[in-house]
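*Asks:* Pasting the sequence and the predicted coordinates here, then a few questions.
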Amino acid sequence: MNKYQVRGFQFSGISAGIKQTNKPDLALIYSEVPALVVGSFTTSKVQAAPVKISRRNIRSGMCRAVIVNSGNANACTGQQGLKNAEAMVRETARLLKISQNQVLVSSTGKIGVPLPMNKILKKIPEAVKHLSINNFEKSAEAILTTDHSPKIAIRYGRLNGKSYTVAGFAKGAGMIEPHMKVEKGKHATMLAYLMTDIAIDPKLLQIIFENCVEETFNRVTVDGDMSTNDTALILANGLAGNKLFRPKTPECRQFANHVYEIMGHLSREMVRDGEGATKCVRIEVKGAKNNEDAKRMAYTVANSPLVKTAFFGQDPNWGRIMGALGRSKVFLDPERVDIFYDRVCVARNGIATGPSQDKKAKKVMQKKEFTVTIDIHLGHGSFGVYASDLTLDYVKLNSCYRT
């Protein structure tokens, strides 16, 4: 039995020839029955055609299928791009014999290049033909671009004597700093898809998904660039057969924790797999006047090229962190700031703690993952974000991404 199965969901992942490598580049997710759907999309003012089409179709609150291509973002492609996204939806719906407004579409890859629709439309029947409960991992592979490997997670639970499953896969390695907004019933890119067979009230599903997106996908950065295509979806088809549960119950907390754990794992995997990344660093700001101030400071530090290159060089150059804090446009008193690498304090009240502490911090930075804690000592505001370092490989890859 394949490890990654969710009752009532089928998957496929094939090559449509979009990528020059002939690697899988067309994925299909299919629910055997109508599934509740909640989606989160990029807040960028430049939005790809598939985002626009999916934002429209998700208003029905129900979904049967998601068609995804990689290798081409179908962004900045004008009216033809919208028509092409529509054509992908229309052909998928026709072959599956389902309503078009219950089909969502995603794309990821190069911007400003028209989709090779002759290849895609020719291969969608093959994607339908290969649908299987056992092809979860093939779908996960087919959405990748510059990723090194698929990002997958699964959790199991029981409600009222009924077992249920939550599983998800994602992609993302570059152009990663999502700030997505949840929409339901009426953000190199990050794409994430969660499937569950649980039965749940649609409003409760939206609340749980929205909270989890904010705490996970919206708290990572690789390069500070928001994508035109960012999309995260959760589909719940109810085939577990459990009784509906209410908010703030143990059953609700259990399911919400599973969703949070999956999203947290997938989002951190994006940072670990960041283009050229060698580090996954948690930037934790505490003691700010409020949470918004802490958020601004955390992102300013996390996206500073000087800070990120210091992470790569394993140099505890905390002066760069102070410099980033100073330009974050947030009030702080530099003579009250403490900075830690894991538990090693390198600055106390804005003053260096000495060479021996720097030496200990350098050992901390040799790890693939560590935490930088910045205590502002002004209030109770806090915010944490996961960030990658900035490496030579990142520059090399992105200097010739299109060519």
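*Replies:* Structure's in. What do you need? Residues are numbered from 1 along each chain as shown.

*Asks:* What residue spans form the domains of the chain?
*Replies:* Partitioning the chain according to automatic domain parsing yields domains covering residues 9-272, 280-399.

*Asks:* ok now the longest one, how far from the chain's centre?
*Replies:* Counting by C-alpha atoms, centre = their mean, to the nearest Å, domain 9-272 is centred 10 Å from the centre of its parent chain.

*Asks:* Tell me the helix or strand right after the lowest-mean-pLDDT helix or strand in the chain.
*Replies:* Ranking every helix and strand in the chain by mean pLDDT, DSSP states H and E puts strand 180-183 at the bottom, with a mean of 55. As assigned by DSSP states H and E, the chain's next helix or strand after strand 180-183 is strand 191-196.

*Asks:* re earlier: among the domains of the chain, which is nearest residue 3?
*Replies:* Among those, the nearest to residue 3 by C-beta to C-beta is domain 9-272 (7.1 Å). Just so you know, the C-beta spots here come from the backbone N, C-alpha and C atoms, and that holds for glycine as well.

*Asks:* Start and end of that closest one, how far apart?
*Replies:* 29 Å (C-alpha to C-alpha, to the nearest Å).

*Asks:* ditto for stretch 382-399
*Replies:* 36 Å.

*Asks:* do the same with stretch 214-226
*Replies:* First residue to last in stretch 214-226 (C-alpha to C-alpha) measures 15 Å.

*Asks:* can you tell me the average pLDDT over that stretch?
*Replies:* Stretch 214-226 carries an average pLDDT of 83.

*Asks:* buried set for it?
*Replies:* Going by neighbour count (16 or more other C-beta atoms under 10 Å), the buried part of stretch 214-226 is 214, 216-224, 226.

*Asks:* the helices in the stretch 251-400 of the chain, which residues?
*Replies:* Listed in chain order, the helices of the stretch 251-400 of the chain (DSSP state H, counting those that start in this stretch) span 291-302, 305-313, 318-326, 355-365, 392-399.

*Asks:* can you put the ones you listed in a markdown table and add mean neighbour count and mean pLDDT?
*Replies:* Shown next, in a markdown table, are those (neighbours: other C-beta atoms under 10 Å; pLDDT from 0 to 100):
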| stretch | mean neighbour count | mean pLDDT |
| --- | --- | --- |
| helix 291-302 | 22 | 97 |
| helix 305-313 | 19 | 95 |
| helix 318-326 | 19 | 97 |
| helix 355-365 | 16 | 97 |
| helix 392-399 | 14 | 79 |
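
*Asks:* Tell me which of the ones you listed sits nearest to residue 96.
*Replies:* Minimum separation from residue 96 across the helices of the stretch 251-400 of the chain (C-beta to C-beta) falls at helix 392-399, 36.8 Å.

*Asks:* Just list what that closest one packs against, helices and strands only.
*Replies:* On a contact count with 3 or more C-beta pairs under 8 Å, 6 or more residues apart in numbering; DSSP states H and E, helix 392-399 meets no helix or strand.

*Asks:* biggest strand in the protein, by residue count?
*Replies:* strand 26-42 (DSSP state E).

*Asks:* Give me the below-cutoff pLDDT ranges for the chain.
*Replies:* For the chain, the stretches flagged by pLDDT under 70 are 1-2, 173-188, 224-225, 400-403.

*Asks:* Fine, thanks again, bye for now.
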